[in-house]
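>>> Here's a sequence, model it:
(chains A and B)
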Amino acid sequence: IGLSDTAVMDMMISNLQQQRQVTEQLRREAAIKRISVSQAVLDIMKYITEHEQEDCLLVGFSSQKANPFREKSSCTLL
Amino acid sequence: MPPKDDLELQKLRKELDDLMTKIKEEQNKAADKTLEDICGDVASAPKVRLTTKKLLKGHINKVNSIHFSGDSRHAVTGSLDGKLIIWDTWTGNKVQIIPLRSSWVMSVAFAPSGNYVACGGMDNMCTVYDLNNRDSTGAAKIVRELLGYEGFLSSCRFLDDKTIITGSGDMKICLWDLEMGKRSLEFEAHSGDVVSISLSPDSSSYLTGSVDKSCRLWDLRDDKPKQTFFGHTSDVNSVCFHPSGYAFATGSEDKTARMFDIRSDQNIATYHPPNNTSGFTSCGLSLSGRYMLCGSDDSSVHIWDTLKNQHNGCLTGHENRITSLSVAGNGMAVATCSWDQNVRVWV
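Numbers count the residues shown, from 1 in each chain, chains lettered A, B, ... in the order given. Prediction:
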């Protein structure tokens, strides 16, 4: 089995009806409008920049208090 | 086959080939630059500093699936020990333990509201539990058993408390109306098991990943895909919508993670780990979308700076394959589960 990059085409199209459906589906997909990769990536970059400050993996916690996973100080039962 | 049909079949096959060629041409036309070029001036992201803040022990067999609740605090895990555990990840406490009728659980989901969890697997069904109502044994009450699958349940996601989407080994997607207990949609979605589902940030569409190596984008109400994305050379194990809604991340058996862009309709980046030895079982993105995280067969989570296509590090700790990964909705934590029977919360 070759490593086809068109996996959907590996479908077991065993009859005319299925072939019609697969071809119709691809007709639809071929007709979509595509924007340039540079425009697409610029928009993604813009989104990331706008949300950077809220991304804990990027900027960490503003203070330890803001981190709900932190070890709370222990209490002693008297 | 009658000769007339034979002729039409040939015509359709030729048209199919021509369409594939056309699509590739259009995609190439849109590929005016590479992601790496466009982001050439972007500063590299800092090294991610995540460590295991909670090591959650409790399961006594492989843990196959994990999912955060919409409250970014509770998470549900499903294990081959036949239990679902609802965890409070802030404290490490087990909030509920739900014994399953079948131990062959492959996929779990938490409703965004936190009111319900769903699971399913080799029992070929999806069971929905109400966390706020107990049955006579004291366990969370079963509110729905969704039947009729001709294959194992491989993925599920709640749209809200009334709607769940499932992907299964019979290659189908089903949309269920949980109030009526009936399917509102059922259709063949791929030419292989549908193993991953990701909802768009605005909940108007969703992505599926399949062992047929492709990913598909769907409008909630349609039974035909809007787009099909090729690029992976083996099973797509996991898909994750980018928070912007413009793109999505994938993890695959082909040992790569990728970024696909929806509007330019193509694979815009391929991420490799330093040692190309293992497949990726799961993926997630940080809140802004800057980091991609993938759980691997090699027991670690690999992290990439998505814009610079740079491997940013690994989260090590698990002692066996990581099966599933979930990023909390508020982006504060990442939870992973593994064949090593443990669950880790990374903060």
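
>>> now chain A, which segments are flagged as low pLDDT?
A:1-13, A:74-78 (pLDDT under 70).

>>> go again using 50 as the cut-off
The model of chain A has pLDDT under 50 over residues A:1-4.

>>> Settle this for me: B:V239 is touching B:S214, isn't it.
No - look at B:V239 against B:S214 with C-beta atoms under 8 Å: they stay out of range, at 10.5 Å. To be clear about C-beta, it is placed using only N, CA and C from the backbone, and glycine gets the same treatment.

>>> more neighbours, these two?
B:V239 (27 against 24; other C-beta atoms under 10 Å in any protein chain shown).

>>> Leaving out the residues flanking it, which one is nearest to the more buried one?
Excluding the flanking residues, the one nearest B:V239 by C-beta to C-beta, 6 or more residues apart in numbering or on different chains is B:G209, at 3.9 Å.

>>> Quick one: neighbours of the one you found, just the number.
If you count neighbours by other C-beta under 10 Å, B:G209 ends up with 32.

>>> Assign a three-state SS to it, would you?
At B:G209 the chain is in strand, as set by DSSP: H, G, I helix; E, B strand; the rest coil.

>>> Equivalent analysis for the one 3 residues further on, please.
With three-state DSSP as the basis, the three-state label of B:D212 is coil.

>>> Verify the stated contact: it with B:E188.
No - B:D212 lies out of contact with B:E188 (C-beta under 8 Å); the separation is 11.1 Å.

>>> which one of those two has more residues nearby?
A direct count of neighbours by other C-beta under 10 Å for B:D212 and B:E188 places B:D212 higher, at 23 against 14.

>>> do you know how far the residue sitting nearest the centre point of chain A is from B:L285?
Among the residues of chain A, the one closest to the centroid is A:I44, at 11.4 Å (C-alpha atoms, centre = their mean). Remark: distance between A:I44 and B:L285 (C-beta to C-beta, to the nearest Å) = 11 Å.

>>> B:L153: neighbouring residues, count only.
So B:L153, with other C-beta under 10 Å, has 28 neighbours.

>>> My guess is it contacts B:V128. True?
No - applying C-beta under 8 Å as the test, B:L153 and B:V128 come out as separate, 11.8 Å apart.

>>> Could you check how many residues crowd around residue 16?
Since you didn't name a chain, this refers to chain A. 16.

>>> Wait, chain B was what I had in mind.
For B:L16, the neighbour count with other C-beta under 10 Å is 20.

>>> can you tell me the helix or strand for it?
helix B:3-30 (DSSP states H and E).

>>> returning to what we had before: residues contacting the residue nearest to B:V239?
Contact analysis of B:G209 by C-beta atoms under 8 Å, 6 or more residues apart in numbering or on different chains lists B:194-198, B:215, B:236-239, B:250.

>>> could you say what helices and strands the helix or strand B:S326 falls within packs with?
Element membership of B:S326, judged by DSSP H and E, is strand B:322-327. When contacts are defined as 3 or more C-beta pairs under 8 Å, 6 or more residues apart in numbering or on different chains; DSSP states H and E, strand B:322-327 packs onto strand B:63-68, strand B:280-285, strand B:291-296, strand B:334-338.

>>> Buried residues, the lowest-mean-pLDDT helix or strand in chain B. List them.
When each helix and strand of chain B is scored by mean pLDDT, DSSP states H and E, helix B:3-30 comes last, with a mean of 93. Buried positions in helix B:3-30, judged by neighbour count with 16 or more other C-beta atoms under 10 Å in any protein chain shown: B:9, B:12, B:16, B:19-20, B:23, B:26-27, B:30.

>>> so where do the helices sit in the chain?
Using chain A here. A:16-30, A:37-51, A:56-59 (DSSP state H).

>>> actually it's chain B I care about, not the one you picked
Under DSSP H, chain B gives helices at B:3-30, B:35-38.

>>> distance of B:F280 from A:S36?
29 Å.

>>> Only alpha carbons, please: show stretch B:265-275 as CSV.
Presented in CSV, the C-alpha positions along stretch B:265-275 are these (Å, rounded to 0.1, in the frame of the first residue of the first chain):
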residue,chain,number,x,y,z
ASP,B,265,-6.6,25.0,2.8
GLN,B,266,-3.2,23.4,3.4
ASN,B,267,-0.6,22.1,5.7
ILE,B,268,1.4,25.2,6.7
ALA,B,269,3.9,23.6,9.1
THR,B,270,5.3,20.2,10.0
TYR,B,271,6.9,19.8,13.4
HIS,B,272,9.4,17.1,14.2
PRO,B,273,10.7,16.0,17.5
PRO,B,274,14.5,15.7,17.9
ASN,B,275,14.3,11.9,17.7
